[in-house]
Every structure is written in structure tokens, then in C-alpha cells.
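Visitor: One predicted model, sequence on top.
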Amino acid sequence: MIAIRSAIESDIETLCSFDLIAREDDERRDFIRREVVSGACFVAVDHGEAIGYAVLNYSFYRNGCIDMLYVHPGAAGQGVGTMLCDALEKLAGARGAKSLTVEVSDNAQEFFQKRGYVGKQRNTVSRNGEWLANTTMQKTLSEAAPGAPS
């Protein structure tokens, strides 16, 4: 059974080993390490093994921002991304965020559209000398229930 929990320092190496970019990119490994230590990273775990992770941060005015959502290639299509996104949306709403923003690759755009995210702008980013396109998407969160945990 898949469970979502806060990432702990002992998860860092596992996350870096299945994240295909982190395998070769020091910046990505540093990002994962920093976000785990800060408490902003959450992992999907199946039978004690991390199979996905997501990072939730907050911008100005406490709007939520999904800085990363990554699923182990072997667990793709099993609902792991959906479970992580559900958890982040609930947590952000409970903490008072009015919306969540995410920058998504073209491959992930349909996933987020089905969840109610709306494209706000197209972006280009340089990665290792190559220009890549992505889309900033945003979802308005429903009001948190009174007494919701923070």
C-alpha cells in the first residue's frame, strides 16, 4: 500500500538514485537535499521504499508552489503522482494557501489540466545550454475547513 509522508534525511540517496536528472546533476541533488532538510519534501512510499517525491513551498502571500513532482519511472502510471498532488493540495489548503502554482513540462501538462490547473504563461528555460519550454499553471484551492490542521 502506498503512503505519503514527510521525507527524512535517509531518503535523500534513494531519491537521488531514481531521479534521472539527479543522477548526473549536482544542482538537482543539492536541491533534493536542501528541500528534504527544510521539511518541504514529501515522499510516496510503497512497502518501505520511496517511489516518488514532491516539494511544496510557499511564495509571497503564502500562495503554494509545487517546486517538484517526480515519480520513479518503474512506478509511473500507478497513481503515485496523483497521490502526491492530492496530499500537497490538501496540505497547502489547510495551511491557508489560496492557490497552487507549478511550472510543468509539456509531458506533464495534461496531468495538471485534469486536476483543474489552468495555464497562465509559457516559459523557456536554459538547461545545459539547451532551451526548453514549460508552462506555468495555477489552481485555485477551495477554502480550508474550519479547524483544519496546519
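Guide: Now that the structure is in, tell me what you want to look at. Residues are numbered from 1 along each chain as shown.

Visitor: Restrict the lowest-mean-pLDDT helix or strand in the chain to CA atoms and write it as CSV.
Guide: Lowest on mean pLDDT, DSSP states H and E among the helices and strands of the chain sits strand 118-127, with a mean of 90. This file holds the C-alpha atoms of strand 118-127, laid out as CSV (Å, rounded to 0.1, in the frame of the first residue of the first chain):
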residue,chain,number,x,y,z
VAL,A,118,-5.0,26.4,-15.8
GLY,A,119,-2.2,27.5,-18.0
LYS,A,120,-1.0,31.1,-17.2
GLN,A,121,2.1,31.5,-19.3
ARG,A,122,4.6,29.8,-21.5
ASN,A,123,8.2,29.9,-20.4
THR,A,124,11.6,29.0,-21.8
VAL,A,125,14.4,27.9,-19.6
SER,A,126,18.0,27.1,-20.4
ARG,A,127,19.3,23.7,-19.2
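
Visitor: in its sheet, what does that strand sit against?
Guide: Paired with strand 118-127 in the same sheet, following DSSP bridges, are strand 130-140 (antiparallel).

Visitor: pretty sure residue 62 contacts residue 96?
Guide: Yes. Contact between residue 62 and residue 96 holds when scored by C-beta atoms under 8 Å: they sit 5.8 Å apart. Bear in mind the C-beta positions are built from the backbone N, C-alpha and C, glycine included.

Visitor: who has more neighbours, the two?
Guide: Ranked by neighbour count (other C-beta atoms under 10 Å), residue 62 and residue 96 place residue 96 first, with 16 against 12.

Visitor: would you say that one is within a strand?
Guide: No. Looking at residue 96 with DSSP: H, G, I helix; E, B strand; the rest coil, it is coil, so not inside a strand.

Visitor: and the gap between it and residue 116?
Guide: Using C-beta to C-beta, to the nearest Å, we find residue 96 at a distance of 19 Å from residue 116.

Visitor: Could you do residue 9 as well?
Guide: Residue 9 is 34 Å from residue 116, where distance means C-beta to C-beta.

Visitor: Pick out whichever of the two has more residues nearby.
Guide: Ranked by neighbour count (other C-beta under 10 Å), residue 9 and residue 116 place residue 116 first, with 13 against 9.

Visitor: tell me the contacts of that one?
Guide: Residue 116 makes contact with 139, 140, according to C-beta atoms under 8 Å, 6 or more residues apart in numbering.
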